[in-house]
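Peer 1: Sharing a sequence plus its predicted fold:
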Amino acid sequence: MTHQEIIRKVEWKDLKNLSFKEMLIENNLTIPWFLISLTLAYFGYYILALPFSAFFFLTGLRQVHNGFHNSLGTNKFLTWLSLYINSILMMTSIHAVKFNHIRHHKYCLTDEDYEGKSAGMTWYGAILYGPIHMFLIHKVTLQIGSNSYRRNVILEIISIAVFAAAVFYFKIDFLIYHIIVMVIGEFLMAFFAVWTVHHDTHDSPELARTQRSGWKNKITFSMFYHLEHHLFPAVPTIKLPELVKRIDKALPEIEKKNTF
């Protein structure tokens, strides 16, 4: 069954719309994790801060990912602002990530898909590839991205550099902790955001892996409904549990490879 045939069999367009409450959730999900992690780090409780930093990183990914697909329920400027602010807080140019992610959907797991390169590696190879992955997505965007993408990437890189320089110059320990943890998170993206959801799917790239365990989806904020996301990228993350029900009802025979 082709991607277009799947789309025709599932009712999904109504799921693109967010209520006011859902819009507030999608745009503010990162805040409590960010504030708690920094508060704990400020008082020197770095080990206790780690899980909150991890959840900030995860919810940040969810927020910018929805922004990539214009699924935050906000206007163009506020969506851009969300990507820009998260670039500084997450220590990478989110517009560079966006450029490669949109290409990932268009050229999934082909030679043109720079984001998906680690999908064909071993799990440990994907981890070791992480720093190269982050360098490559910035390089590719600056080389072949539009003028708008290049301007945004340069602005974000400069802003990150200024922020990091100020933090290290003034020796702000809790922010140094935050920067180090975020950089480690970015270096693990080739494994967590690519390999886990795409390994061994090259025969049918549009059928990414997914996660059907309720508690696992709760602790990962629905970020591993990747099969569903690739089939219907315009559906916001908060609507994916409902999309899952519709897909399973309309297409019970569709292959579902577990993420973890």
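Peer 2: Structure's in. What do you need? A quick note: this is a predicted structure, and the numbers were derived from the prediction, not measured.
Peer 1: Gly67 is in contact with Phe77, isn't it?
Peer 2: No. Contact criterion C-beta atoms under 8 Å: Gly67 and Phe77 do not qualify, at 11.8 Å. C-beta here means a position set from N, CA and C on the backbone, and glycine is covered the same way.
Peer 1: If you count surrounding residues, which of these two has more?
Peer 2: Set side by side, Gly67 and Phe77 show more neighbours around Gly67, with 23 against 8, by other C-beta atoms under 10 Å.
Peer 1: Look up which helix or strand the more buried one falls in, please.
Peer 2: When secondary structure is defined by DSSP states H and E, Gly67 falls within helix 46-68.
Peer 1: What residues sit buried inside that helix?
Peer 2: Judged by neighbour count (16 or more other C-beta atoms under 10 Å), helix 46-68 contains these buried residues: 46, 49, 52-53, 55-68.
Peer 1: Next: stretch 95-104.
Peer 2: Judged by neighbour count using 16+ other C-beta under 10 Å, the buried positions of stretch 95-104 are His95, Ala96, Val97, Lys98, Phe99, Asn100, His101, Arg103, His104.
Peer 1: same check, this time on stretch 113-133
Peer 2: If you call a residue buried by 16+ other C-beta under 10 Å, then stretch 113-133 has these buried ones: 113-121, 126-127, 129-130, 133.
Peer 1: Then stretch 154-170?
Peer 2: Residues of stretch 154-170 classed as buried: Glu156, Ile157, Ile160, Phe163, Ala164, Val167 (neighbour count, 16+ other C-beta under 10 Å).
Peer 1: Next: stretch 16-31.
Peer 2: Residues of stretch 16-31 classed as buried under the neighbour-count rule (16+ other C-beta under 10 Å) are Leu18, Met23, Glu26, Asn27, Leu29, Thr30.
Peer 1: from these, which two are the most distant?
Peer 2: Taking every pair in those and measuring C-beta to C-beta, the maximum separation is 16.7 Å, between Leu18 and Thr30.
Peer 1: And the helices in the stretch 51-200 of the chain?
Peer 2: Using DSSP state H, counting those that start in this stretch, the helices found in the stretch 51-200 of the chain span residues 76-90, 94-106, 123-144, 147-169, 173-187, 189, 196-198.
Peer 1: can these go into JSON lines with extra columns for mean pLDDT?
Peer 2: Output for these, formatted as JSON lines (pLDDT from 0 to 100):
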{"stretch": "helix 76-90", "mean pLDDT": "98"}
{"stretch": "helix 94-106", "mean pLDDT": "97"}
{"stretch": "helix 123-144", "mean pLDDT": "98"}
{"stretch": "helix 147-169", "mean pLDDT": "98"}
{"stretch": "helix 173-187", "mean pLDDT": "98"}
{"stretch": "helix 189", "mean pLDDT": "97"}
{"stretch": "helix 196-198", "mean pLDDT": "97"}
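Peer 1: So which of the ones you listed is nearest Lys249?
Peer 2: Lys249 lies closest to helix 196-198 among the helices of the stretch 51-200 of the chain, at 22.9 Å (C-beta to C-beta).
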